[in-house]
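Enquirer: predicted structure and sequence below. I'll ask about it afterward.
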Amino acid sequence: MAGTSTDEIAGERRQLINVAYRLLGSLAEAEDAVQEAYARWYALPRRRQEEIVSPGAWLTTVTGRICLDVLGSARARRERYVGMWLPEPLPDRTEWDHGHGTDPADQMVLDESVTMAFLVVLESMTPAERVAFVLHDVFRYPFAEVAGVLGRSPAACKQLAASARRRVGVARAPVPAAGQADAVRHVKKAWETKDIAALVDLLDPAAVMTADGGGMVGTVLLPIEGGARIAQYMVAIADKAPGLELLERSVNGLPGLVALRAGVVVTVASFDVADGRVTRIWAVRNPEKLRPWARDG
């Protein structure tokens with residue numbers, strides 16, 4: 001059957017990686033989930049494979065169920081996590097070309113559903129809400145198919161998606177990339193010159209900075225609240241890390257900053273901007289989450 005050809009099955013990988021990353025917020029875990037789904041497909045007897053009308057739908061259902069299991073166990077793992085847990089940041093493949101055609105970051109569609117602000121909101125949902133919302137609202141799967149993933153009725157899945165939608169509704173629409181780029185550029189300049197007054201002016205008075213070191217590198221364990229405190233902390237970092245190089249780079253599809261030391265990426269920062277001022281900063285420092293940012297050589 002054409003529907004079960006190897007090429008067609010392999011062609012589903014891009015879509016599955018995109019679904020799994022939005023469900024899990026982790027590129028590494030998304031890869032593992034998709035790999036497991038493929039392993040289950042190839043473990044099926046040939047006759048069973050030929051009975052499946054839509055291999056893509058089957059793979060999506062299996063991937064969704066695997067992700068649901070991962071999300072269910074994630075809470076316990078996050079409780080043991082040192083400090084705050086943030087989603088893994090994604091580079092723009094046009095800026096960070098690894099030269100590997102199979103690089104998972106190359107398969108990601110970077111849109112508003114992968115901005116750090118959006119992924120953080122997804123983290124506030126229950127596993128079932130997240131699966132229902134991502135599959136239906138982001139990827140437009142009908143509730144009948146979502147029901148197959150969650151093992152619930154389509155009506156129940158519709159309610160889960162509605163509940164998740166209310167959480168997302170609280171979050172503001174992202175600022176256009178051009179406006180965010182201006183704010184990020186000004187922050188970069190003030191940070192490099194250690195200009196606390198300029199940073200305070202660029203940060204919202206109620207701004208919050210969250211850092212993720214995973215216990216592997218030094219960083220604050222709790223969010224820093226208040227523009228003035230954040231500015232002081234940023235300047236203190238600059239004082240303690242001479243030779244730190246800041247680059248403007250796309251992070252999860254929006255302008256952000258990447259910090260390098262001796263040519264190695266040590267921090268990837270995402271920003272949320274409102275009315276020209278930075279309201280949120282998410283700084284990922286856990287080296288395990290920065291692997292997609294490593295450059296050849």
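Expert: That came through fine.

Enquirer: those helices in the stretch 1-150 of the chain, which residues are they?
Expert: Remark: helices assigned in the stretch 1-150 of the chain by DSSP state H, counting those that start in this stretch are 6-10, 13-24, 27-43, 46-51, 55-80, 116-123, 127-133, 143-150.

Enquirer: relative to Gly276, which of those helices is closest?
Expert: helix 116-123 (16.5 Å; Cβ to Cβ). Every C-beta, even on glycine, is put in place using the N, C-alpha and C of the backbone.

Enquirer: quick check: mean pLDDT of that closest one?
Expert: Helix 116-123 carries an average pLDDT of 94.

Enquirer: same deal with stretch 205-225?
Expert: The model assigns stretch 205-225 a mean pLDDT of 93.

Enquirer: ok, and for it, which residues are buried?
Expert: Ala207, Val208, Met209, Thr210, Ala211, Asp212, Gly213, Gly214, Thr219, Ile224 (16 or more other Cβ atoms under 10 Å).

Enquirer: farthest-apart pair in those, please.
Expert: Ala207 and Gly214 (23.0 Å).

Enquirer: hmm, back to that, which one of the helices of the stretch 1-150 of the chain has the lowest average pLDDT?
Expert: Taking the mean pLDDT of the helices of the stretch 1-150 of the chain, helix 6-10 comes last: a mean of 78.

Enquirer: dump stretch 210-230 to CSV, restricted to CA.
Expert: Extracted as CSV, the C-alpha positions of stretch 210-230 are listed here (Å, rounded to 0.1, in the frame of the first residue of the first chain):
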residue,chain,number,x,y,z
THR,A,210,13.4,33.7,35.6
ALA,A,211,16.6,31.7,35.1
ASP,A,212,17.1,27.9,34.5
GLY,A,213,20.5,26.4,35.4
GLY,A,214,19.2,23.0,36.4
GLY,A,215,21.7,22.8,39.2
MET,A,216,24.5,22.5,36.6
VAL,A,217,25.6,26.1,36.5
GLY,A,218,25.3,28.9,38.9
THR,A,219,22.2,31.1,38.7
VAL,A,220,19.4,32.4,40.8
LEU,A,221,17.0,29.7,42.0
LEU,A,222,14.0,31.9,42.3
PRO,A,223,12.6,34.6,39.9
ILE,A,224,13.9,38.1,40.4
GLU,A,225,11.0,40.6,40.6
GLY,A,226,11.2,44.3,39.9
GLY,A,227,13.0,46.2,37.1
ALA,A,228,15.5,47.8,39.5
ARG,A,229,16.5,44.5,41.1
ILE,A,230,16.8,42.8,37.6
